[in-house]
Structures are given as structure tokens and as C-alpha cells.
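Q: Return a 3D structure for these sequence lines:
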Amino acid sequence: QVQLVESGGGLVQAGGSLRLSCAASGRTFSTYAMGWFRQAPGKEREFVVFSVSGGNTYYADSMKGRFTISRDNAKNTVYLQMNSLKPEDTAVYYCAASTRYYSLNYASAYDYWGQGTQVTVSS
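A: Numbering: from 1, shown residues only. This is a model prediction of the structure:
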């Protein structure tokens with residue numbers, strides 16, 4: 001069992017930056033693939049990025065160059081650095097953990113989810 005707790009959300013102006021954190025419980029954090037998803041009001045949950053234990057990462061096209069995922073296995077924490085934020089980035093952001101190494105751009109691939117953190121970007 002893994003518990004995930006996100007933090008770092010908030011209100012930021014367009015063009016600004018935020019860094020989200022996701023702290024995980026458990027001793028095997030380094031073996032999990034970790035992903036970030038987001039969900040805006042009235043929309044489906046959207047893939048943002050994932051990182052597998054070997055360090056490979058994969059980003060949704062709209063986030064490339066603006067968002068960066070990183071993980072600190074010693075701290076059982078994964079981060080999402082978000083730069084050049086736009087109003088359309090406004091959403092609840094979720095981190096998730098998976099024991100799988102495929103289809104990680106789909107929410108269904110993940111076994112554990114955090115409660116989410118709100119990011120609001122004002123224009």
C-alpha cells in the first residue's frame with residue numbers, strides 16, 4: 001500500500017511558476033512509476049507526465065518545455081516544476097503511482113492516487 005500526499009498548489013499569475021510535491025509512504029518508492037495528471041472542472045482527467053524508476057520520462061505534448069518532473073528516491077518524493085503557466089493550466093493536479101511499465105499515459109495504469117492539489121492561474 002502506498003499513500004501519496006500532494007502539496008504546493010496555489011494561485012499564480014500567468015507566466016509564473018509553481019513546484020508541486022508528492023510525498024509517498026512505503027519502502028519501495030524507487031520501484032514505482034510516478035505520474036502526474038490534472039483535471040479541470042467539467043473535463044476528463046488529463047495526462048501530464050510520468051517518470052519510471054530508471055529515470056526515463058514522458059510528457060504530454062502541451063507540457064513539453066514548460067513542465068519538468070523529477071524524483072528524489074531518498075525522500076520518497078516526486079516533483080512537478082511548472083513554468084510559464086497559462087490560465088488553461090488551471091486544474092486539480094494529482095500524482096499517482098504504478099507498478100506497471102506500460103500505458104503510463106493512461107490513468108487506468110495507476111494503482112495509487114493522491115488527493116490532489118489545486119492550481120489556479122489567473123490571466
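
Q: if I look at Tyr93, how far off is Tyr101?
A: Counting by C-beta to C-beta, to the nearest Å, the gap from Tyr93 to Tyr101 is 23 Å. Using the backbone N, CA and C atoms, a C-beta is placed for each residue, glycine as well.

Q: ok, for the residue nearest to the spatial centre of the chain, nearest residue in space, not its chain neighbours?
A: Centroid-nearest residue in the chain, with C-alpha atoms, centre = their mean: Trp36, separated by 2.3 Å. Leaving aside its chain neighbours, Trp36 sits nearest to Val48 (4.2 Å; criterion: C-beta to C-beta, 6 or more residues apart in numbering).

Q: That neighbour touches Ala91, doesn't it?
A: No. Assessed by C-beta atoms under 8 Å, Val48 is found out of contact with Ala91, at 9.2 Å.

Q: And stretch 112-121, what's buried?
A: For stretch 112-121, the neighbour count (16 or more other C-beta atoms under 10 Å) marks Tyr112, Trp113, Gly114, Gly116, Thr117, Val119, Val121 as buried.

Q: joint contacts of Val48 and Ala91?
A: Arg38 (C-beta atoms under 8 Å, 6 or more residues apart in numbering).

Q: Might you list the low-confidence residue ranges for this protein?
A: Within the chain, no stretch has pLDDT under 70.

Q: all strands in it, in order from the N-terminus.
A: Secondary structure of the chain by DSSP state E: the strands cover 4-7, 10-13, 18-24, 33-39, 46-51, 57-59, 67-72, 77-82, 91-98, 112-113, 117-122.

Q: Nearest to Asn105, out of the ones you listed?
A: With respect to Asn105, and counting by C-beta to C-beta, the nearest of the strands of the chain is strand 46-51 at 4.5 Å.

Q: Packing partners of that closest one?
A: Packing partners of strand 46-51 (3 or more C-beta pairs under 8 Å, 6 or more residues apart in numbering; DSSP states H and E): strand 33-39, strand 57-59, strand 67-72, strand 77-82, strand 91-98.

Q: which secondary structure elements does the shortest one contact?
A: Helices and strands in packing contact with strand 57-59 are listed as strand 46-51, strand 67-72; criterion 3+ C-beta pairs under 8 Å, 6+ apart.
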